[in-house]
Structures are given as C-alpha cells and as structure tokens.
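Visitor: Okay, sequence plus prediction incoming.
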Amino acid sequence: MRRTRTSSPRAARPRLGTARGSSPFRLRIGFLIIAVVLSVFAGRLVQLQGLDPNSYAAMAAAEGTAVVTLPATRGEILDRDGEPLADSVAGLMVIANPELTAAQAPALATLLARRLDLDYVETLERLRVPDSQFQYVARQLPAAQAQRVVDEATEAGFVGLTTRDDPIRTYPAGDVAANVLGFLGRPSESGRARPLAGLEATFGDWLAGHDGEARYQVGDGNRLPLGESTLEEAENGQDLTTTLDANLQWYVQRALRDTVRKAGGESGIAIVMDSSSGEVLALADHPTYDASDPEATPDQELYKSRAVTDVYEPGSVEKVLTMASLIDAGKVTMDTEFSVPSELPTDDGTVVHDYWEHPLLRLTTAGIVAKSSNIGTVLAAEKFGKGQLRSYLEDFGVTRKTGIGLAGEQPGLLPKPVDWTDSAEARIAFGQSLSVTALQMTAAVNTIANGGVRVDPSVIEGSAVTDGGTTVGTEQATSRRVVSEEAARQTSLMMEQVLDPDEGSAPAAAVPGYRVAGKTGTAQRVNEDGVYDGSTTVSFGGFAPADDPRLTVYVAVHDPRAGSGGGSTAGPAFAKIMGVALRHYGIPPTGAKPEKVAIEWGPGDDNLAR
C-alpha cells in the first residue's frame, strides 16, 4: 500500500520585484526631472541663438582657439649684379602662452630678461596677459640663442614657452650703401618690422609682403589633433634690385672718407653715374653708419642720404650750365672774346671779384671756364634775354626733385621771379644765390656728358612702388633735350681745359691716359639764419672719356679747412674715383688727342691751350 507524504501548511511569501502599487508616483517624478532639464537646455539655446548668438560663439571660439602669426620673409635689397646688400636669414621668435606662464611669471621673466636682454617689467606683463594664449616675448633672435633659452627654461621647470620661425634682417656689407639702404628697428607690438630709414622705409610694403595666420583649437595649452584649424599662408616680400655696384660703392666711400678727413671737412658726398642711362652706380655719404648696428651711431642725421636731402650753393660747377645755355641760345661760342676786368660792380652796389687778383684779361668763353672767372661769367650772362637763364636752369632740373625714390629728397631753390634782379642773375650765373642737391648737380653735369639730353637719375633697377604709391626705377626714367648736341660738345671741350696743366684751375683732377672734362666749384655756405658764415663747400664734377662719355662723377666736401678749393681738394678725389671706375668697368682710353681751344685772344699762337 502506497503511503502518501503530507506536509504542514506554510506561510505565504510575497513575490520578488517592485510593488505594483508605487509605479505611477515614480513615473511622475521622472517626467518632472526630464522636463526641468529640457527647460534649461531650451533656455540656453534661446540665449545662444536668439539673444546674442555672435558674442557667445566668439567667446566659445576664443576660449579654445590659438592664433599664430606666420611672418613673411622680407625681400632682399640687391646690387646691380645680384649681390645682397640687405637680406633675411633664419631666426626665431620666443612666444609665451600666458595661460601657462602666468603662475610662474616673476621667476620666468627674470630668466628671460637676463638671457635675452629684455625689460623685466614689460616681459612680466606679457607673461601675465589675461585671456591670451599667444604673446611675443622676443623677436628676430639667432636660432641658437632662442632655442637655448627655451631649453633652459624648460629644464628649470617652466612651461608655456615655444619658438617659431622669425627671419632676421642683415646687412652683409656693413656700412656699404647704408645711407641708401636704411635699416629696420625693433618690431612693433603687432610683430611687424619697423623700417626706419632709406630704401627699407621708402619701399617698406614692397619688401615686407604680408604675414600669414594660423588658427587652431587648443585644450589645456595643447593643440587638439582633431580640432578645427585654418591656415593663411604668408606672402613673402618682393626683392628690390638697385643700380648700385657694391664693389665700386665700397671704394667710393673709402675715397670720400679719406678726402673729408684729410681736408678737415664736416661731411662729403660722392656720386658715380652711368652717363647714358643715368643709373647711379655709387652714392656715398661721409660720415655714415653701419646698417647692421645703427644704434652704435645715435646721430639720426646720418641715417639719411645727404645727396638728396641737403641743399647748398653749387659754386662754379654751375658755370658749365650757364655757358651751355648761352651757346644753345646762340649768344656765344667757345671762342667768343671778352675783356675781363679785375672787378665788376653790379646794380645793387656789390662788386664781383675773381678768386685771384689779376689785371685786365682777354679771355675767350673757354678761357673763362678754364680759369673759372666769376667776372667773365657775369659778362657772358649779360647776353641772356629776360628769363632765359631761369628757364634753362629749370630744364637742367635744379628746381625740382629727381624722383629717385629716396626718402626726404628736397628740390633745389631759385629766387622767385619777383626777386630775380640783374644782380641776382649775375650771382646765379657763377653759382651763388641758388641751392641744389648733390644728385641734382650730378644729373645736370651729366646732361652735358649725354650730348645735351638730361636723363632722370635712377637707383632702382626696373620698377618698384614706394609706400606713397609712386612707381620709380629705370623703366620709368624719362629724358629730354635741354641744349643742343653742338652746345654740349663745345661745353665739353671747354671743360677739358679746366684740367690743362698750364691754363686750367684743376690739373690734379686729371686721370692719366684719359681725356677728362670737368669743372671746379667753391661756394660760400649759409648758416641756419641764412647768413654766410665764412665756411665753404668745394666740389668737382666731370665725365670721362671726354670725347665718348661713359661715366659722370661728382664730389663735394662741406666745410673743409680754410684755403681748400674745388681743384685742390675735390679734384684729386674725383681723379681717384674716376680712375678706379674706368678700370673697374674696363673702359679704355679713346686714344684721341684733345682739341686745341683758344683760352685768350689777341695776336700770336700762344693763346691756344695745349
């Protein structure tokens, strides 16, 4: 019989799980929380997109965006053969992220100020700039120096310093053409180069190009690999080719320096020009400075080219312009005869003298030029019609800027027509009562060398645009006839007599083996009050070979010691510079003998210059 197992009844257990009776309450709480969160998001969205979307978007971008300037490489300044006179070499800038450097700014600023010769306070401020991730600390440093400082800072436990490319401006030849080139000062707050003088300033935009810019997102001071970024490439500056010859410029500067020092002068100028093209091959000032270290010469007057900025009375070099104009106007020839007294009163009561005492002389026009007679020149100039001399001088270019492209250029000065009296014209005829720049005078003398055609002087090869918007250069140079070819030929023959060892006033300006035409100049100087102060400017301008001109040279020395003259002081410097320049360019003598020209008139053959 099967036995049936029985058990005693147990108490009922509740089922595992959530009690169904509480579900509605919990759901209501959940929906309420979700609604609150969505309300907050909705309100923020309205604020960002509806009320002030631009400012908030900008704030968001700025908080996570770094902006880095990509410096453009400045164009080179080259000589006529492509040799660099000013160029840019590899360098680095040191930059700081103030978000990382602010905490240790005092100690870091001390290190940077000592190692890089920076101002401590300014550096400290840069390391602490709020809401910034990019600040310049130092610009245009040699790469090794910049990297060494950043490495030292890193090893010392500082963070937030980096380096970036930043080309350095250099002037390989030091003081060669510094008066023309100018230089760059310390970069501005924006990091842009600051050209302070010369071609660097005149053609600043042409040389500078345009900096680029990189923007990228950062987090915790580091670039986010997958973050948004934009890149605007830098546009490098354009090169500027000059007409200068660096080797000749070097020599001319030394020859001028020696001349000024030997004469005890205050300053001097020397210019070499291609006679046919007007291209300036050398333009020297003394004293000058080293463009690589301008701070060593704090006198800012030296930073300009006095050949275009300073005006002065040209003295007797101007006589060749007077005589060429008279011949062109049909008033005289080189053989016209004059009786030259020992002195000549003028209508204003002044008396014209020559630089040497003499009795009555019988001189031809050529003799007046050869001996540099002021009295003879005034007698010849009396043949001009009203306004003729002024018109010719304006055509020679002595009253306006040459437009060569150098900063600070000044025009020449002639008396106003109302002040143009007979006595004023007499003085102007032999080089007083008017003012010129050295470059204007060089171009005027070169007009005779170029067969009576004036050509604009140029220091820029091709074309370039100044910061003022003017295009200058050899391609823009213009020419115009001032006097006839015959007038220029006769004037050139008369200028050759100036170097005659027996009859001329400047035999020391001769270049052995070459026919040379030239003219001396000695003029009184005017002080700041417009009064003659007893000092002088001595000069010599001429060209060679005289019968086939290739080069024109002009030399002027300001305030030499008493007794100095154009023939004895500037003449020898002219001879040295012209001789070297002729050999430098391989210009041979023509082999032709100088023509005989009458210096005095009267019976016999002894009046012919040999």
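Guide: Nice, thanks for sending it over.
Visitor: Can you give the distance of the lengthiest strand in the chain from its chain's centre?
Guide: Longest strand in the chain by number of residues (criterion: DSSP state E): strand 532-544. Averaged C-alpha coordinates place strand 532-544 at 25 Å from its chain's average position (Cα atoms, centre = their mean, to the nearest Å).
Visitor: Kindly format the C-alpha coordinates of it as CSV.
Guide: Extracted in CSV, the C-alpha atoms of strand 532-544 (Å, rounded to 0.1, in the frame of the first residue of the first chain):
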residue,chain,number,x,y,z
TYR,A,532,77.1,133.4,-45.0
ASP,A,533,79.2,132.1,-42.1
GLY,A,534,82.6,132.0,-43.7
SER,A,535,82.7,128.3,-44.4
THR,A,536,82.7,126.8,-47.9
THR,A,537,81.7,123.9,-50.0
VAL,A,538,84.3,122.7,-52.5
SER,A,539,83.3,120.4,-55.4
PHE,A,540,84.3,118.9,-58.7
GLY,A,541,82.0,117.4,-61.4
GLY,A,542,83.0,115.9,-64.7
PHE,A,543,83.0,112.9,-67.0
ALA,A,544,85.2,110.6,-69.0
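Visitor: Within the sheet, what are the partner strands of the next helix or strand after it, with directions?
Guide: Scanning forward in sequence from strand 532-544 by DSSP states H and E, the next helix or strand is strand 551-558. Looking at strand 551-558 with DSSP bridges, its paired strands and their directions are strand 267-274 (antiparallel), strand 532-544 (antiparallel).
Visitor: For residue 125, list the residues it contacts.
Guide: Residues touching residue 125, when contacts are defined by Cβ atoms under 8 Å, 6 or more residues apart in numbering, are absent altogether. To be clear about C-beta, it is placed using only N, CA and C from the backbone, and glycine gets the same treatment.
Visitor: in what helix or strand does residue 504 lie?
Guide: In this assignment (DSSP H and E), residue 504 forms part of neither any helix nor any strand.
Visitor: on that earlier part again, with distance to residue 246 and mean pLDDT as extra columns, can I get the strands paired with strand 551-558 in CSV?
Guide: Supplementary listing: the strands paired with strand 551-558 in CSV, determined by distance: least, Cβ to Cβ, whole Å; pLDDT from 0 to 100:
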stretch, distance to residue 246, mean pLDDT
strand 267-274, 13, 98
strand 532-544, 22, 95
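Visitor: just those strands: most buried one?
Guide: Comparing the strands paired with strand 551-558 by mean neighbour count (mean count of other Cβ atoms under 10 Å), strand 267-274 comes out on top with a mean of 27.
Visitor: Buried residues of stretch 357-372, list them for me.
Guide: Of the residues in stretch 357-372, those scored as buried under the neighbour-count criterion (16 or more other Cβ atoms under 10 Å) are 358, 361, 363-372.
Visitor: Show only the entries of these found in strands.
Guide: 361, 363-364.
Visitor: Can you show me the helices along the stretch 251-400 of the chain?
Guide: With DSSP state H, counting those that start in this stretch applied, the stretch 251-400 of the chain shows helices at 306-309, 319-328, 365-371, 374-381, 388-396, listed in chain order.
Visitor: For the longest one, give the mean pLDDT please.
Guide: Think helix 319-328. Within the predicted structure, the mean pLDDT of helix 319-328 is 98.
Visitor: Give me the distance from that helix to the chain's centre.
Guide: 34 Å.
Visitor: For that helix, name the packing helices and strands.
Guide: Contact analysis of helix 319-328 by 3 or more Cβ pairs under 8 Å, 6 or more residues apart in numbering; DSSP states H and E lists helix 365-371, helix 374-381, helix 388-396, helix 438-449, helix 485-496 as its packing neighbours.
Visitor: For that helix, output the C-alpha coordinates as CSV.
Guide: The C-alpha trace of helix 319-328 is given here as CSV (Å, rounded to 0.1, in the frame of the first residue of the first chain):
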residue,chain,number,x,y,z
LYS,A,319,79.2,127.9,-64.8
VAL,A,320,79.1,125.0,-67.2
LEU,A,321,75.3,125.2,-67.2
THR,A,322,75.4,128.9,-67.8
MET,A,323,77.8,128.5,-70.7
ALA,A,324,76.0,125.6,-72.3
SER,A,325,72.8,127.6,-72.1
LEU,A,326,74.4,130.7,-73.7
ILE,A,327,75.8,128.6,-76.6
ASP,A,328,72.5,126.8,-77.1
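Visitor: Can you pull up the most central residue in the chain?
Guide: Most central in the chain under Cα atoms, centre = their mean is residue 198, positioned 1.9 Å from the mean C-alpha point.
Visitor: That one and residue 460: what is the separation?
Guide: Here the distance between residue 198 and residue 460 works out to 12 Å (Cβ to Cβ, to the nearest Å).
Visitor: tell me, what's touching these two both at once?
Guide: Taking Cβ under 8 Å, 6+ apart as the contact criterion, no residue touches both residue 198 and residue 460.
Visitor: circling back: for residue 495, state which of the ones in strands among the buried residues of stretch 357-372 is nearest.
Guide: The shortest distance between residue 495 and any of these, using Cβ to Cβ, involves residue 364 and amounts to 13.9 Å.
Visitor: What's opposite the nearest residue to that closest one once chain neighbours are set aside in the beta bridge?
Guide: Take residue 364 and drop its neighbours on the chain: the residue closest to it by Cβ to Cβ, 6 or more residues apart in numbering is residue 598, 4.9 Å away. Residues found in beta-bridge contact with residue 598 (criterion: DSSP bridges) are residue 608.
Visitor: Could you report the neighbour count for residue 598?
Guide: For residue 598, the tally of surrounding residues (other Cβ atoms under 10 Å) stands at 19.
Visitor: ok, back up a step: now the ones in strands among the buried residues of stretch 357-372 in TSV, please, with extra columns for pLDDT and distance to residue 417.
Guide: What follows is these, written out as TSV (pLDDT from 0 to 100; distance: Cβ to Cβ, whole Å):
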residue	pLDDT	distance to residue 417
361	97	34
363	98	31
364	98	32
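Visitor: circling back: wait, which of the strands paired with strand 551-558 is closest to residue 378?
Guide: Taking Cβ to Cβ as the measure, the strands paired with strand 551-558 were each checked against residue 378, and strand 532-544 came out nearest at 18.6 Å.
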